[in-house]
Structure formats: structure tokens, C-alpha cells
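Asks: Sequence below, structure please.
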Amino acid sequence: MPGFLIQQGATVQCAHGGQAKPTMPSPAVSLSGVPAVTIAAPWTVTGCAGVPSSVPPCTTGQWTVGTTRVTSFGQALVIVGGTGATTPAGIPPLPVVTQTRVTAT
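Replies: The predicted structure is shown next:
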């Protein structure tokens with residue numbers, strides 16, 4: 001399934017409103033001069049405040065399914081519509097604002 005590639009600096013959130021940031025973008029692939037992100041690196045989540053007090057806030061996220069035909073150093077790239085989950089909640093990260101020029105499968 002094709003989707004827009006997600007780059008460093010894209011707005012990605014957990015379902016509770018926390019901000020997710022990639023820990024290691026790919027220096028080999030850039031989108032308008034900004035590095036793309038592979039599924040290999042975890043994301044940090046901060047500001048996850050929309051959870052009940054009995055539920056721990058999201059702290060990290062990880063994509064598990066991304067591109068299948070386009071890779072960077074053998075690693076799939078993160079795309080809108082890819083599969084991932086936050087920890088400890090197990091909910092998918094939500095790309096809110098990303099670049100809209102480059103798609104990949």
C-alpha cells in the first residue's frame with residue numbers, strides 16, 4: 001500500500017496527544033532536504049497527558065510495517081498508513097502533518 005513518506009520534523013502523536021519524535025532519521029534519504037525515517041529506530045513520546053491516572057503514559061513508539069519496495073540501507077521507511085504501536089499503551093502512532101510530495105510502497 002503506497003503512502004507519503006514521513007520525515008524528521010513531521011507531526012506525529014500518540015492517541016492521547018503526546019508528541020512523537022524519531023530517535024534516528026536516515027541520512028541517506030532526504031525529503032526536501034529533511035531526513036526520512038526508517039522503521040528501525042524507536043520514537044520518543046513526550047507530553048502524553050490525555051490518559052486516565054490508572055494508565056501509564058506513552059513513552060516510546062515503533063513502526064513495524066513501512067515501505068516494501070523503497071528502503072534506506074536495507075531498512076523500510078516509515079509511511080502514512082504504516083503499522084506501529086506506542087509503549088506501553090499499544091496504540092498506533094498517528095501522523096498528523098507530514099510532507100505530501102513523495103510517496104512510496
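
Asks: Could you give the number of residues near residue 97?
Replies: Residue 97 has 10 neighbours, counted by other CB atoms under 10 Å. To be clear about C-beta, it is placed using only N, CA and C from the backbone, and glycine gets the same treatment.

Asks: so who does it touch?
Replies: For residue 97, the contacting residues are 10-11, taking CB atoms under 8 Å, 6 or more residues apart in numbering as the criterion.

Asks: Report the separation between residue 100 and residue 7.
Replies: When distance is defined by CB to CB, to the nearest Å, residue 100 is 11 Å away from residue 7.

Asks: Apart from its neighbours in sequence, what residue is nearest residue 94?
Replies: Distances taken as CB to CB, 6 or more residues apart in numbering place residue 13 nearest to residue 94, at 5.1 Å, with adjacent residues excluded.

Asks: Just list whatever residues bridge to that neighbour.
Replies: When assigned by DSSP bridges, residue 13 has beta-bridge partners residue 19, residue 94.

Asks: Tell me the spacing between it and residue 95.
Replies: Relative to residue 95, and taking CB to CB, residue 13 is found at 8 Å.
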